[in-house]
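1. Based on what follows, work out the 3D shape:
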Amino acid sequence: MSAEFFQAGGSLDHEQPSYITRKADQEFYQALLDGEFCHVLNSQQMGKSSLRVRTAFKLQQQNIVCASIDISSIGTEETTLTQFYNGLIVEIKNSLELDFDDRTWCKDHADLSSVQSLELFIEEVLLVKIKQPIVIFIDESDSIKNLGFGVDDLFALIQAFHNKRADDELYKRLTFAILGVASPGDLIKDKKRTPFNIGRAINLTGFTIAEAQVLQAGLTALIAQPNKVMAEVLFWTGGQPFLTQKICKLISQQTIEAGMEKQVVADLVNEQIIKSWESQDDSQHLHTIKNRILEESKQASLLLALYQKILVAYDSDTVIVAENNPLQLELQLTGLIIKQDDKLQVYNPIYAQVFTQEWIAINLANLRPYDTYLQAWLVNEADSSWLLTGTTLAKAESWMLDKELAQEDYRFLTASRVNANKRKAAKVLNTIFGIAFVVILSMGLWAFKERQIALDHLAIIEQQQEVLSKQKAIALDAISNLTYESIEQLDDMPNTHDLIKWLTRSNLELLERINELETGDDTRVLREQAENLGKIGNAHLEVGEVDDALLAYQQSAQIFNRIYQANPQNADLKHHLAISYEKLGDIRQTMGQVDKALEFFELEYNLKKELYDSNLKSESLKNGLAISYEKLGGIYQSLGNIDQALKFFKLEVQLQEELYDSNPESESLKYGLAISYSKIGEIDEAKEKLDNAIKNYEKSKNLLLELFNTNPKSEKIKNDLAISFSKLGSIHNALGNVKQALKFFELFTGLMKQLHDSNPKNESLKNRLAISYQNLGLVYDKLHQTNKVLKYFKLYNDLIVELHELNPKNVELKHNLAFSYYKLGGINKDKQQAKLQYQKAIKLWQELYELNH
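-> Residues are numbered from 1 along each chain as shown. Have a look, this model is predicted:
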């Protein structure tokens, strides 16, 4: 036999003589023959594709139709979501040689989401045109990581097809088999969704000595004892299919005398596989393992640390217990280690001698730009002198952003950041002390009251008082300019809220000490205290500490009020006090304390009205008063007093129109005016003044369209425009203007589909897209277009099913799902299907009844 008997790499066809049949072959074939969903998820070059080719050939002999999809041939980073799903349709069509116009199909269903288009293709084309059992193989499933978007929906759809078997015999003809270098958890990554948990896992192991007997036929007569040679080969490869075929191919033309098997195989492996592997690994087998750890994983440091422990255990004959955690599973998928009898070990001696402890140390050092500092820090028992600072720390933090690191890395980097923040804060405070207090401290001015008694000469007292006033002014400037500037810088850094609060509280302590210096006018000190408390409140609110934020805002408002009462003509103080009341109103409203919120918004309004009345030409004051009107309108609307709400919204619009007329290019003014028109439209609608509502909704829609045309990628504007279309559709529908309603609902659906496709995990968008489909279904029902009604209620149903699975206790979703099944049952021409849908509706209504009673 020649070396051509063996094939290292690539898929082996069903006639390849060196193909080794393993236990997995029979399991995979029998499971698919029985209609079981399967997945073969394993490390690279374990024979998955060859297994697929062999199994598909045997299934086709049993009159089962097989389609194969190679994910790596469909999608790249440049591929769009729509192109990817259309590509799946084309792959299935070409694989099965279907007589089907895929271009027309995709064009006709462009109003559907991509995954819904694929679902309908399988339901309405594939299962209709083909009456035999169908197996769809999805190979190279790990290639989804190369796409610029998530494809959780694809594997969720496969799960949905599996679950539909319980209700519909049709789907029992459809089976999927997924193959790739992945774990089930990699297929659906969104933790809020049901994990991929269907089908049989096929365990594809390395060759055993019994299975590998087939390969002995390829060894020449020059080898005295092929069985012993094969045993040596398997010792080195651990039965790894690619390496086993490769080494057999290398030795097939060798002369190996009896008794020399161990030495010859060992020499060949060392010379042609292990030695200089970086340059002579022409098949890229070892490079692929290296790259999967070092370049393709965000957890490279963690994987190396775990492998290091397993390698130490391998060399010392100790044990690492398998825990099946994500990190262990990812390392197994590299192929470097395997799980045997619930223990983790290095796959084979070749890997152990290529990926050594020295290799690990070198790559950990190369991976971590701070490795020298880290090792020194660990050796020197966390000595802070080895922590990172300045640009070195900044570079390390930038490097770590998209990676998962070992605990020692996080401890080191966290310690470095804490140390740097302390030094930065100390520097700021030292600057403040340096400018403001060094002279004071050196002169002993903190003890001024005591020294004042000892000073008999009034001139000296006055001189000291003048010096003190100057020092106090410098200190206040330092706090205002330097500390706040530092806080603004810290605000842009992650995890610095506690430091910001500490700095601002330190300011308060300093301000109290400054105030002890008796210079007469303490207004500025109090004002700085009030501003600091406002910043503390902001910091608390950002991290969700509402009660602490409320306390800080209350203290800030009390101080501003105290200063204002002493200086009632000071417009700037009046403005700051109004802002304090606005913050208190906002936070009370957030806490659900609407009546208290109203009190503060009214106080805010009174002050802003006084300010505006004193300077009617000020655009900033006009804008501030408009905000106050908007707050009052919103609070009255939430209290159900729509007449008062309408009054304030109209006052708001009046000022906004004046501002917009004087500055028509301002997009922020245009947007604010659009939202205000919409709010007035809502109240008109509530008061059943529908013609007025339409006029205001139209005004809002027109302004939003202008903004959308200049900012087509803005999701915020797209979202508000979609809402505007929805409101107009609903109101025209209520008035019986069905065609107008249809126009606006179609526009609403188009924008919602765009928003949903760009963020398919967002449940709120999913729910609103479902509502848009329901709206279209109801309008087409009025137009007696049954096919359209069925189409859109099926789409509505699919999304509500998804949402209900994510939130099974949500009563509103349960009610919507019941209505959806009821509606589908009423329009479905298939009586059996209609009966099933009615039964589902009744079951859900029974659940709702039990919940209410």
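
2. State the helix or strand in which the closest residue in space to L577 that isn't next to it in sequence lies.
-> Closest residue to L577 apart from its sequence neighbours, by C-beta to C-beta, 6 or more residues apart in numbering: F560 at 4.4 Å. In this view, the C-beta of every residue, glycine as well, is placed from N, C-alpha and C. Assigned by DSSP states H and E, F560 belongs to helix 546-566.

3. quick one: average pLDDT of that helix?
-> Average pLDDT, helix 546-566: 87.

4. name the helices or strands packed onto it?
-> helix 523-542, helix 571-590 (3 or more C-beta pairs under 8 Å, 6 or more residues apart in numbering; DSSP states H and E).

5. I'd like to know how many residues surround the residue nearest to L577.
-> 26 (other C-beta atoms under 10 Å).

6. cool, the one 10 residues further on as well?
-> A count of nearby residues for N570, using other C-beta under 10 Å, gives 14.

7. List the contacts of it.
-> Y564 (C-beta atoms under 8 Å, 6 or more residues apart in numbering).

8. I figured I827 hits Y792, correct?
-> No - if you go by C-beta atoms under 8 Å, I827 and Y792 don't touch, sitting 10.6 Å apart.

9. Comparing the two, which shows the higher neighbour count?
-> Per other C-beta under 10 Å, whichever of I827 and Y792 has more neighbours is Y792, with 25 against 16.

10. Touching, that one and I771? I think so.
-> No - using C-beta under 8 Å, Y792 makes no contact with I771, being 11.1 Å away.

11. Please state the mean pLDDT value computed over stretch 37-45.
-> In the prediction, stretch 37-45 has an average pLDDT of 92.

12. And it, how far out from the chain middle?
-> Distance of stretch 37-45 from the chain centroid (C-alpha atoms, centre = their mean, to the nearest Å) equals 26 Å.

13. Doesn't L179 lie inside a strand?
-> Yes - remark: L179 belongs to a strand, assigned using DSSP: H, G, I helix; E, B strand; the rest coil.

14. I'd like to know how many residues surround it.
-> 26.

15. cool, and S618?
-> Residues near S618, counting by other C-beta under 10 Å, number 14.

16. Quick check: the gap between the closest residue to it other than its chain neighbours and G681.
-> Nearest non-adjacent residue to S618, counting by C-beta to C-beta, 6+ apart: Y612, 7.2 Å away. Y612 is 26 Å from G681, where distance means C-beta to C-beta, to the nearest Å.

17. Compare neighbour counts for these two and give me the winner.
-> Each of Y612 and G681 has its neighbours counted (other C-beta under 10 Å); G681 has more, 27 against 20.

18. unless I'm mixing things up, the more buried one is touching D691, no?
-> No - when contacts are counted by C-beta under 8 Å, G681 is not listed as touching D691 (10.9 Å).

19. Let me see the ranges of the helices in the stretch 101-250 of the chain.
-> Listed in chain order, the helices of the stretch 101-250 of the chain (DSSP state H, counting those that start in this stretch) span 102-108, 114-121, 127-129, 152-164, 184-187, 226-237, 241-251.

20. Go ahead and confirm the residue nearest to S618 touches L625.
-> Yes - the pair Y612 / L625 is scored as a contact, 4.6 Å apart, by C-beta under 8 Å.

21. can you map out the strands along the stretch 51-200 of the chain?
-> For the stretch 51-200 of the chain, the strands defined by DSSP state E, counting those that start in this stretch occupy 65-70, 134-139, 174-180, 200-201.

22. so how far is N227 from the residue nearest to S618?
-> Applying C-beta to C-beta to Y612 and N227 gives a distance of 99 Å.

23. ditto for K791
-> Note on K791: its distance to N227, by C-beta to C-beta, is 65 Å.

24. So for the two, which residue has more residues nearby?
-> For K791 versus N227, neighbours defined as other C-beta under 10 Å are more numerous around K791 (19 against 13).

25. how far off helix 152-164 does the host helix or strand of the more buried one point, in degrees?
-> In the assignment (DSSP H and E), K791 maps to helix 786-806. In terms of direction (axes from the mean of the first three to the mean of the last three C-alpha atoms, to 10 degrees), helix 786-806 departs from helix 152-164 by 100 degrees.

26. which is the next helix or strand following helix 786-806?
-> Defined by DSSP H and E, the subsequent element after helix 786-806 is helix 811-827.

27. Check which helices and strands that following helix is in contact with.
-> Taking 3+ C-beta pairs under 8 Å, 6+ apart as the contact cut, helix 811-827 packs with helix 763-782, helix 786-806, helix 831-852.

28. In a markdown table: the helices of the stretch 101-250 of the chain, plus distance to R54.
-> Converted to a markdown table, the helices of the stretch 101-250 of the chain look like this (distance: least, C-beta to C-beta, whole Å):
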| stretch | distance to R54 |
| --- | --- |
| helix 102-108 | 29 |
| helix 114-121 | 28 |
| helix 127-129 | 26 |
| helix 152-164 | 23 |
| helix 184-187 | 23 |
| helix 226-237 | 21 |
| helix 241-251 | 13 |
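
29. A818: which of those helices is closest?
-> With C-beta to C-beta, the closest approach to A818 among the helices of the stretch 101-250 of the chain belongs to helix 152-164: 18.4 Å.

30. pull the CA atoms of the closest one into CSV?
-> Taking Å, rounded to 0.1, in the frame of the first residue of the first chain, the C-alpha atoms of helix 152-164 are listed here in CSV:
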residue,chain,number,x,y,z
ASP,A,152,-29.1,33.3,18.6
ASP,A,153,-32.4,33.5,16.6
LEU,A,154,-31.2,30.8,14.2
PHE,A,155,-30.6,28.2,17.0
ALA,A,156,-33.7,29.4,18.8
LEU,A,157,-35.7,28.7,15.6
ILE,A,158,-34.2,25.2,15.4
GLN,A,159,-35.3,24.6,19.0
ALA,A,160,-38.8,26.0,18.0
PHE,A,161,-39.0,23.4,15.1
HIS,A,162,-38.2,20.7,17.6
ASN,A,163,-40.8,21.9,20.1
LYS,A,164,-43.5,22.2,17.3
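
31. Which positions within that helix qualify as buried?
-> Within helix 152-164, the residues scored as buried using 16 or more other C-beta atoms under 10 Å are 152-162.

32. which one of those is nearest K535?
-> D152 (41.0 Å).

33. And the closest one, how far from L12?
-> Distance from D152 to L12, by C-beta to C-beta: 33 Å.

34. and if you look at N380?
-> With C-beta to C-beta as the criterion, N380 and L12 are 56 Å apart.

35. who has more neighbours, the two?
-> Between N380 and L12, counted using other C-beta under 10 Å, the more crowded position is L12 (20 against 11).

36. Quickly, which of the helices and strands packed on helix 546-566 bottoms out on average pLDDT?
-> helix 523-542 - the lowest mean pLDDT of the helices and strands packed on helix 546-566, at a mean of 75.

37. Extract the CA atoms of that one and return them as PDB.
-> Extracted in PDB, the C-alpha atoms of helix 523-542 (Å, rounded to 0.1, in the frame of the first residue of the first chain):
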ATOM      1  CA  THR A 523     -21.800  83.200  51.100                       C
ATOM      2  CA  ARG A 524     -19.200  81.800  48.800                       C
ATOM      3  CA  VAL A 525     -18.300  79.000  51.200                       C
ATOM      4  CA  LEU A 526     -22.000  78.000  51.600                       C
ATOM      5  CA  ARG A 527     -22.500  78.100  47.900                       C
ATOM      6  CA  GLU A 528     -19.500  75.800  47.300                       C
ATOM      7  CA  GLN A 529     -21.000  73.400  49.900                       C
ATOM      8  CA  ALA A 530     -24.400  73.400  48.200                       C
ATOM      9  CA  GLU A 531     -22.800  72.700  44.800                       C
ATOM     10  CA  ASN A 532     -20.700  69.900  46.300                       C
ATOM     11  CA  LEU A 533     -23.800  68.300  47.800                       C
ATOM     12  CA  GLY A 534     -25.500  68.500  44.400                       C
ATOM     13  CA  LYS A 535     -22.500  66.700  42.800                       C
ATOM     14  CA  ILE A 536     -22.700  64.100  45.600                       C
ATOM     15  CA  GLY A 537     -26.400  63.600  44.800                       C
ATOM     16  CA  ASN A 538     -25.600  63.200  41.100                       C
ATOM     17  CA  ALA A 539     -23.000  60.500  42.000                       C
ATOM     18  CA  HIS A 540     -25.400  58.600  44.200                       C
ATOM     19  CA  LEU A 541     -28.100  58.700  41.600                       C
ATOM     20  CA  GLU A 542     -25.800  57.400  38.800                       C
END
